[in-house]
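> Provided below for reference: sequence and predicted model.
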Amino acid sequence: MRLLAIKNLNLAEDVLASVTKSRPQWARLVSAADHRVDRALAVLRPQAIVDHRSLLASLGWPPSLSNLSSTNVNTGKSSDVPNPLFTMRGDLKNQYSENFLALCNLQELQRRRRSRQLEGHNREIALHQPLWAIEELVNPISLASQRHFSKWVEKPEFIFALVYKLTRDFVDSMDELLQPMVDNARLAGYSCREEWISAMVTSLSTYLAKEIFPIYVGQLADDSVSGISSKAKISWLHLVDLMISFDKRVQALIGHSGVMINSREDENSQRISTLSVFCDRPDWLELWAKIELSDTFDKLNPELEDERSWKMKIHGALLVSASEDYKSPAITGTVLRCLSAAIDRCRPLPSISLRTIFIRLAGAPIITEFFNRLLHRCQEAEGLTALADEDALIKVVTSINASRYCESVLKEWCEDMFFLEMELAQDCDLGLRDNNSSGDGTAEGLDGCVFKEEIRKLEEFRIEWIEKISTVVLRGFDARCRDYMKNKRQWQETGEESGTMSKSFVVALDYLQGKISKMEGDLNEIDFVVVWRSLATGVDRLVSSGVLMSKAKFTDHGVERFESDLQVLFGVFGAWCLRPQGFFPRVSEGLKLLKMDENQLKGGIGGGKERWLKENGIRHLGVTEAEKIIKNRVFMG
């Protein structure tokens, strides 16, 4: 009779669906008919569920769990729990099959009706419901299991072991006995194996949220005055470990059936993960992240304090795919491994937004703390010796290498699909991507990266301290060049009095070459290029202002000496580039003006000065500067 009633209601739904499409103006008539069908369904479904529960009791469901104990559950040595679904025979089996089929047909009928009623809306979210017949199997076995759970609050590993055992022991009957009946009812998109597993996981998640987590939160709250206690923290982390391990095992059970688990964030992914308890309780997620961060710092701080970790270099395989030698201290690898471990902890979370929150709370502070350590070491070195000491300079160079390596790893991670999904989700939440650039070129292409702010700080730190190193070296070079700059008579000496080059300038260049060579050995290749080019620019500016822009008069022999000095300067930087004079445009163009004959220079003093400079390849000196150099040129006889 029930199957006949469901058949007639399906025919009524066919008529309503046809009328809805062909006569949309009859909406009120369809609504009145829908109301009558709903009243009929309100009678049929409770009756079918009552009959189904009665049949399950007749079958001996749920199976007895009285022979289970904490010991044999944990060791896996207990005898198998009998499966009443495999032992039912005759009329009882036929009755169960008919009733199971009726529930499936009722659910398919309701799915069809909701699909029609939600036309034009986001139907996929609203239509999928857990399979009623499977829920009726899970609910009584879950209640029977909870009588054991109450004895294992302090030993949650027994709870997970029992749920996994029950899930695994009965999963085969879902495929062999129940899936054919679901297919017969034409319930599209339902896998009995997945429904059974997800229902068991959901029941466990509900128990954890109601009974276990409140106890653990209370233990942490009791010790809030003195901070997170070691015991409470260990208990919490152990519980999360059990949840992650359990989720992997039950998801493997689904995978064994050949069913593809949807990796996207949706309701289905939450139903097969016990970590879904954090979806409804973001405060618990924040507490978990706080505990993970505290545990990470407990392990990391001794390494940060150990000076040997800052002196040893990273050896072996790099954490990035590039082949550059970053010459980074070993502590950087330790920090990144801790960060990677924190990120891995949140990967099983069934929500992208939760993963983003967790990384920002438990991952980003690790980089922030490391950045603060780098900054403190550099400021300490600068405060003690103003970076004039060799050891202080090495300490800053080491920090720059660590910053560069950490920055490179973070940028590569941000290109991984795991982080790109977070960026896409963030863009969708905002509704519009912010295309405004920062203006300084930092963190380029990382607008939505979860580590954008940390990468920006590392970049700014590196740029600032590279500039300070360059300034310190230039200051030392300038001090050694002081006599060279002040000696204006050397440019007016005769051939007999003048030598081939200025000895004081050679001494300053020897200092400069020693500093650059030292940094070449200690600094990473990328930033070393920035440093020597910055030094070249600074030397070009110093020599140009101190010699060419001074009131010194240049004779032919003075020009020869200045050219000899510049050749030595170019030779120093020739070790790192093929055409060093290109990095000294001001002194090179100044020498070019000094070497011009008298007639050629007179043409430059006349009209059309800017055009004359361009025609003679002078592009980095202004008209005023060029005129000053020309006026300082002295032609004898």
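Ah, there it is.
> any idea which helix or strand comes after the helix or strand of the chain with the lowest mean pLDDT?
In the chain, no helix or strand scores lower on mean pLDDT, DSSP states H and E than helix 123-127, which sits at a mean of 52. Sequence order places helix 132-149 as the next helix or strand after helix 123-127, per DSSP states H and E.
> which elements pack onto that following helix?
helix 27-59, helix 90-117, helix 156-173, helix 192-207 (3 or more CB pairs under 8 Å, 6 or more residues apart in numbering; DSSP states H and E). Quick note: C-beta positions are derived from backbone N, CA and C, even for glycine.
> what stretches of the stretch 451-600 of the chain score poorly on pLDDT?
494-500 (pLDDT under 70).
> give me that answer again for 90
Judged by pLDDT under 90, the stretch 451-600 of the chain has its weakly predicted residues at 487-504, 550-552, 555-557, 597-600.
> can you check the stretch 51-200 of the chain too?
57-99, 101-102, 105, 107-130, 147-148, 150-151, 153-154, 169, 172-177, 181-191.
> again, only using 50
Low-confidence segments of the stretch 51-200 of the chain (pLDDT under 50): 76-79.
> need the winner for burial among the helices and strands packed on helix 132-149.
Stretch with highest mean neighbour count among the helices and strands packed on helix 132-149: helix 192-207 (a mean of 23; mean count of other CB atoms under 10 Å).
> now that one, how far from the centre of its chain.
Distance, stretch centre to chain centre, for helix 192-207: 31 Å (CA atoms, centre = their mean, to the nearest Å).
> which residues touch it?
Outside of helix 192-207, the residues within contact range by CB atoms under 8 Å, 6 or more residues apart in numbering are 130-131, 134-135, 137-139, 142, 146, 149, 159-160, 163, 166-167, 170-171, 174-175, 178-179, 182, 246-247, 250, 253-254, 257, 259, 268, 271-274, 276-277.
> buried among those residues? Need that as a selection in ChimeraX.
To isolate in ChimeraX the members of the contacts of helix 192-207 that are buried, counting by 16 or more other CB atoms under 10 Å, one can use:
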select :131,134,135,137,138,142,146,149,159,160,163,166,167,170,171,174,178,179,182,246,247,250,253,254,257,271,272,273,274,276,277
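> from Pro130, how far out is Asp540?
Counting by CB to CB, to the nearest Å, the gap from Asp540 to Pro130 is 74 Å.
> ok, Ala209 next?
To Pro130, Ala209 is 17 Å away according to CB to CB.
> again with Asn616
Distance, Asn616 to Pro130, using CB to CB: 85 Å.
> go on, Ile159?
The gap separating Ile159 from Pro130 is 22 Å, by CB to CB.
> could you do Arg633 as well?
93 Å.
> before we move on, what about Ile357?
27 Å.
> for Ala362, same thing?
Distance from Ala362 to Pro130, by CB to CB: 32 Å.
> check Cys414 too.
As for Cys414, its distance to Pro130 is 37 Å (criterion: CB to CB).
> what about Ser64, how many neighbours?
The tally of other residues near Ser64 (other CB atoms under 10 Å) stands at 10.
> try Lys452
Neighbours around Lys452, by other CB under 10 Å: 19.
> I'd like to know how far it sits from Leu424.
Lys452 is 15 Å from Leu424, by CB to CB.
> quick one, what contacts Asn401?
Asn401 neighbours (CB under 8 Å, 6+ apart): Tyr326, Lys327, Ser328, Pro329, Thr332, Asp522, Leu523, Asn524, Asp527.
> Arg53 too?
Neighbours of Arg53 in contact, by CB under 8 Å, 6+ apart: Glu136, Pro140.
> hmm, try it at 10 Å
Taking CB atoms under 10 Å, 6 or more residues apart in numbering, we find Arg53 in contact with Trp61, Asn99, Glu136, Asn139, Pro140.
> between those, which is nearest Ala33?
Using CB to CB, the shortest approach to Ala33 within the contacts of Arg53 belongs to Asn99, at 27.5 Å.
> with adjacent residues omitted, what lies nearest to the closest one?
Nearest residue to Asn99 in three dimensions, chain neighbours excluded: His52, at 5.0 Å (CB to CB, 6 or more residues apart in numbering).
> any idea how the chain splits into domains?
Here the domain parsing of the chain from the TED database is 1-63+88-119, 131-280, 293-430+448-459, 487-632.
> and of those, who's closest to Trp465?
Closest to Trp465 of those, according to CB to CB: domain 293-430+448-459, at 5.6 Å.
> quick one: end-to-end distance for that closest one.
Its start and end residues considered, domain 293-430+448-459 measures 24 Å (CA to CA, to the nearest Å).
> from the chain's centre, how far out does that domain sit?
So, by CA atoms, centre = their mean, the centroid of domain 293-430+448-459 is 11 Å from its chain's centroid.
> and for stretch 522-529?
The answer for stretch 522-529 is 26 Å, by CA atoms, centre = their mean.
> buried set for that stretch?
Neighbour counts over stretch 522-529 (16+ other CB under 10 Å) mark Asp522, Leu523, Asn524, Asp527, Phe528 as buried.
> secondary structure class for the closest residue to Leu177 other than its chain neighbours?
Once flanking residues are discounted, Leu177 sits nearest to Leu85: 5.5 Å by CB to CB, 6+ apart. Under DSSP: H, G, I helix; E, B strand; the rest coil, the three-state class of Leu85 is helix.
> what is the burial count for Leu85?
Residues near Leu85, counting by other CB under 10 Å: 21.
> dump the one helix or strand Val539 maps to to CSV, keeping only the CA atoms.
Following DSSP H and E, one finds Val539 within helix 525-543. These are the backbone C-alpha positions of helix 525-543, laid out as CSV (Å, rounded to 0.1, in the frame of the first residue of the first chain):
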residue,chain,number,x,y,z
GLU,A,525,74.4,36.1,-5.3
ILE,A,526,71.3,38.1,-5.9
ASP,A,527,71.9,40.7,-3.2
PHE,A,528,75.6,40.8,-3.9
VAL,A,529,74.9,42.1,-7.3
VAL,A,530,72.7,44.8,-5.8
VAL,A,531,75.5,45.7,-3.3
TRP,A,532,78.4,46.1,-5.8
ARG,A,533,76.2,48.1,-8.2
SER,A,534,75.2,50.4,-5.3
LEU,A,535,78.8,50.8,-4.4
ALA,A,536,79.7,51.6,-8.0
THR,A,537,77.0,54.3,-8.1
GLY,A,538,78.3,55.7,-4.8
VAL,A,539,81.9,55.8,-5.8
ASP,A,540,80.9,57.4,-9.1
ARG,A,541,79.1,60.1,-7.2
LEU,A,542,81.9,60.6,-4.6
VAL,A,543,84.7,60.9,-7.2
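> check which helices and strands that helix is in contact with.
In this structure, helix 525-543 makes packing contacts with helix 390-413, helix 452-480, helix 482-486, helix 503-522, helix 556-573, helix 585-594, judged by 3 or more CB pairs under 10 Å, 6 or more residues apart in numbering; DSSP states H and E.
> Ala33: which of those is closest?
Ala33 sits nearest to helix 452-480 of all the helices and strands packed on helix 525-543, at 56.1 Å, using CB to CB.
> so the residue nearest to Asn99 sits right up against Glu136, yeah?
Yes. Using CB atoms under 10 Å, His52 makes contact with Glu136 at a distance of 5.4 Å.
> mutual contacts of these two, please.
Common neighbours of His52 and Glu136, using CB under 10 Å, 6+ apart, are Asn99, Phe100, Leu103.
> ok but Ala12 is inside a strand, no?
No. Looking at Ala12 with three-state DSSP, it is helix, so not inside a strand.
> any chance of the domains of the chain in JSON lines, with distance to Lys468 too?
Shown next, in JSON lines, are the domains of the chain (distance: least, CB to CB, whole Å):
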{"stretch": "domain 1-63+88-119", "distance to Lys468": "64"}
{"stretch": "domain 131-280", "distance to Lys468": "38"}
{"stretch": "domain 293-430+448-459", "distance to Lys468": "7"}
{"stretch": "domain 487-632", "distance to Lys468": "11"}
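> can you say which of those is nearest to Ala479?
Proximity of the domains of the chain to Ala479 was assessed by CB to CB; the nearest stretch is domain 487-632, lying at 8.4 Å.
> I'm done for today, thanks for sticking with me.
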